[in-house]
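1. need the 3D shape of this:
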Amino acid sequence: MEQIKRTKIVDLLKLDPAGEIVNVKGWVRSKRGNKNVSFIALNDGSTIKNIQIVVDSASFDESVLKPITTGACISVNGALVASQGQGQTMEINASEIQLYGEADPNVYPLQKKGHSLEFLREIAHLRPRTNTFSAVLRVRHAMAYAIHKYFNDRGFFYLHTPIVTASDCEGAGEMFQVTTLDLNAIPKTTEGGVDFANDFFGKATSLTVSGQLEGELGAMALGAIYTFGPTFRAENSNTPRHLAEFWMIEPEVAFNEIVENMDLAEDFLKYLIQYALDNCQDDLAFLNEMWDKELLERLDFVVKNKFIRLPYTEGIKILEEAIAGGHKFEFPVSWGIDLQSEHERYLVEKHFKCPVILTDYPKEIKAFYMKQNDDGKTVRAMDVLFPKIGEIIGGSQREEDYDKLKTRIEEMGIPMKDMWWYLDTRRFGSAPHSGFGLGFERLLLFVTGMGNIRDVIPFPRTPNNAEY
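-> Residues are numbered from 1 along each chain as shown. Model (predicted):
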């Protein structure tokens with residue numbers, strides 16, 4: 001086969017179909033035709049769109065054409081010409097075909113028909129070859145790039161915080177333990193606990209639930225930082241919104257107070273959504289057509305409307321008034337509760353009909369590091385609530401006062417031996433600072449319109465599921 005430089009399909013579709021000889025490589029999505037001519041739909045992952053390969057059967061031996069079935073991988077040389085058929089503007093008249101890999105149609109699971117998302121989760125190693133998941137993964141890439149571009153262009157520094165840690169940022173204890181000890185012969189202390197003296201780190205360690213605490217240290221030196229990496233929660237939640245392994249974006253900014261923190265969160269989200277609208281048109285149009293007919297309209301709406309900012313106490317009053325008016329919630333509503341997704345979505349979808357930033361939560365339901373308000377009951381927390389998703393961002397102004405932070409740590413029973421370094425930043429040059437966490441997969445749920453968080457990450461990690 002003549003060596004011609006490969007052209008990706010996404011670039012091929014920008015060329016003038018004037019008969020230039022090109023090379024394209026990819027996987028067969030479908031093959032149809034008759035004894036005289038075959039039409040192969042080829043996709044290489046660079047775009048949602050296929051290129052049609054027209055094969056004159058008289059020009060090829062049957063032994064070459066027969067193994068070219070759905071899923072097979074081929075290389076094609078041919079003339080790029082204007083298409084005479086419907087559905088495409090250009091096609092390739094094949095002159096040479098090389099088969100890289102066959103896909104036995106009797107066993108290859110991705111035939112040209114609809115497959116349920118549940119079935120595709122069982123073959124996560126092959127599902128990126130479908131239109132839906134190739135679209136989702138291209139959007140995922142675009143969002144990851146946009147995140148780095150947003151912060152880089154605004155003077156933030158990308159900080160790599162540890163994945164193995166001895167601190168529990170959220171204080172919830174739902175952490176995956178890391179150890180090199182022999183699990184069949186765990187050494188014990190005289191008190192009966194696990195003796196970590198001979199473990200790799202010489203102490204109990206876990207996979208991180210957040211890079212925030214270390215991120216704060218970076219902000220206290222570099223001014224404005226962000227983290228973007230994997231985080232882990234050993235939470236036994238089998239829901240469409242929870243993963244055991246997911247990615248988080250966490251900016252921390254020195255001298256920002258709660259209002260600037262809300263401004264940053266709103267601007268950040270609007271930037272990312274606008275970036276998707278500008279750079280992922282084909283994939284979003286496909287997802288809008290196939291999975292969520294209101295997707296593009298909802299994305300556009302969020303970009304164009306200012307987010308409502310509302311104290312938690314007022315949010316509770318609105319929910320109580322809704323109940324009094326006959327609305328039924330599964331979970332009860334009263335001041336002091338941690339809002340459920342149904343409460344958050346009522347405020348966003350029914351009451352305000354736009355994104356909401358809820359602030360000033362009761363301190364008893366929030367983490368130890370949040371700055372306390374003067375009322376002694378609430379903290380300067382903020383949650384950004386989105387339609388269909390509920391909470392998409394959680395953040396706060398951090399407590400910069402040493403004594404208040406130390407007292408709160410003690411009240412919550414967090415071991416001081418794990419927090420000395422965090423408290424030190426309040427002893428030496430403390431300053432107001434704020435930050436938030438955006439769950440990357442929650443963002444992708446919103447941007448793609450998919451209904452289950454397991455469908456926006458390549459290999460989901462959930463209870464009783466760690467394949468691949």
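2. not counting its neighbours along the chain, what's nearest the residue in the chain sticking out farthest from the centre?
-> What lies farthest from the middle of the chain is Ala58; by Cα atoms, centre = their mean that is 49.0 Å. Sequence neighbours aside, Asn36 is the residue nearest to Ala58 in space, at 7.3 Å (criterion: Cβ to Cβ, 6 or more residues apart in numbering). C-beta coordinates here come from the backbone N, C-alpha and C atoms, glycine included.
3. state the distance from the one you found to Thr231.
-> Using Cβ to Cβ, to the nearest Å, Asn36 is found at 57 Å from Thr231.
4. those two - which one has more neighbours?
-> Of the pair Asn36 and Thr231, Thr231 is the one with more neighbours under other Cβ atoms under 10 Å, namely 24 against 9.
5. for the more buried one, which residues are in contact?
-> By Cβ atoms under 8 Å, 6 or more residues apart in numbering, the residues touching Thr231 are 207-211, 245-248.
6. which of the residues you listed sits closest to Ile9?
-> Trp247 (28.3 Å; Cβ to Cβ).
7. what's the closest one in contact with, if anything?
-> So Trp247 contacts 228-231, 439-441, 457 (Cβ under 8 Å, 6+ apart).
8. gap between the two ends of stretch 284-300?
-> This stretch, stretch 284-300, spans 12 Å end to end (Cα to Cα, to the nearest Å).
9. tell me the mean pLDDT over stretch 179-198?
-> Mean pLDDT, computed over stretch 179-198, is 94.
10. cool, and stretch 415-429?
-> 89.
11. buried residues in the longest strand along the chain?
-> Across the chain, the longest stretch assigned as strand under DSSP state E is strand 18-33. Neighbour-count burial for strand 18-33, counted by 16 or more other Cβ atoms under 10 Å, picks out 22-29, 31.
12. then stretch 153-167?
-> Across stretch 153-167, burial judged by 16+ other Cβ under 10 Å covers 156, 159, 161, 165, 167.
13. in CSV, list those residues along with pLDDT, secondary structure and distance to Ala466.
-> Below are these laid out as CSV (pLDDT from 0 to 100; DSSP: H, G, I helix; E, B strand; the rest coil; distance: Cβ to Cβ, whole Å):
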residue, pLDDT, secondary structure, distance to Ala466
Phe156, 98, coil, 33
Leu159, 98, coil, 28
Thr161, 96, coil, 24
Thr165, 91, strand, 21
Ser167, 77, coil, 25
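14. contacts for the strand or helix carrying Gly395?
-> Assigned by DSSP states H and E, Gly395 belongs to strand 390-397. Identification of contacts with strand 390-397 by Cβ under 8 Å, 6+ apart yields 241, 256-258, 261, 265, 269, 341, 344-345, 348, 366-367, 369-371, 379-386, 432-439, 442-443, 446.
15. now the terminal residues of stretch 115-125, how far apart.
-> 15 Å.
16. re earlier: quick one: buried ones out of the contacts of Trp247?
-> Counted by 16+ other Cβ under 10 Å, the contacts of Trp247 give 228-229, 231, 439-441, 457 as buried.
17. just the ones in helices from these, please.
-> 440-441 (DSSP state H).
18. can you list the buried ones among the contacts of Trp247 in CSV and add pLDDT and distance to Asn93?
-> Below are the buried ones among the contacts of Trp247 laid out as CSV (pLDDT from 0 to 100; distance: Cβ to Cβ, whole Å):
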residue, pLDDT, distance to Asn93
Phe228, 98, 45
Gly229, 97, 48
Thr231, 96, 51
Gly439, 96, 48
Phe440, 98, 43
Glu441, 97, 43
Ile457, 97, 40
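19. direction included, what does the strand holding Gly395 pair against?
-> strand 378-386 (antiparallel), strand 433-439 (antiparallel) (DSSP bridges).
20. and the helices in the stretch 251-400 of the chain?
-> Secondary structure of the stretch 251-400 of the chain, counting by DSSP state H, counting those that start in this stretch: helices at 258-279, 281-290, 295-304, 312-324, 341-345.
21. measure the residue nearest the centre of the chain to Arg241 for me?
-> Centrality entry for the chain: nearest residue to the mean C-alpha point is Glu441, 2.3 Å, by Cα atoms, centre = their mean. In this view, Glu441 and Arg241 are 9 Å apart by Cβ to Cβ.
22. any residues in contact with both of those two?
-> Ile453.
23. distance to Met290 added to the contacts of Trp247, as TSV?
-> Formatted as TSV, the contacts of Trp247 follow (distance: Cβ to Cβ, whole Å):
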residue	distance to Met290
Phe228	29
Gly229	31
Pro230	29
Thr231	30
Gly439	24
Phe440	22
Glu441	20
Ile457	19
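24. between those residues, which sits nearest Ile53?
-> Ile457 (32.7 Å).
25. so where is the protein shaky, pLDDT-wise?
-> Scanning the chain for pLDDT under 70 picks out 168-173.
26. phi, psi of the closest residue to Leu222 other than its chain neighbours?
-> Distances taken as Cβ to Cβ, 6+ apart place Phe157 nearest to Leu222, at 4.9 Å, with adjacent residues excluded. Per-residue torsions, Phe157: phi -110, psi 140 (degrees, to the nearest 10).
27. quick one, what contacts Phe157?
-> Neighbours of Phe157 in contact, by Cβ under 8 Å, 6+ apart: 218, 222, 224-226.
28. now flag whichever of the residues you listed is closest to Tyr100.
-> For those, the nearest to Tyr100 is Tyr226 (40.8 Å; Cβ to Cβ).
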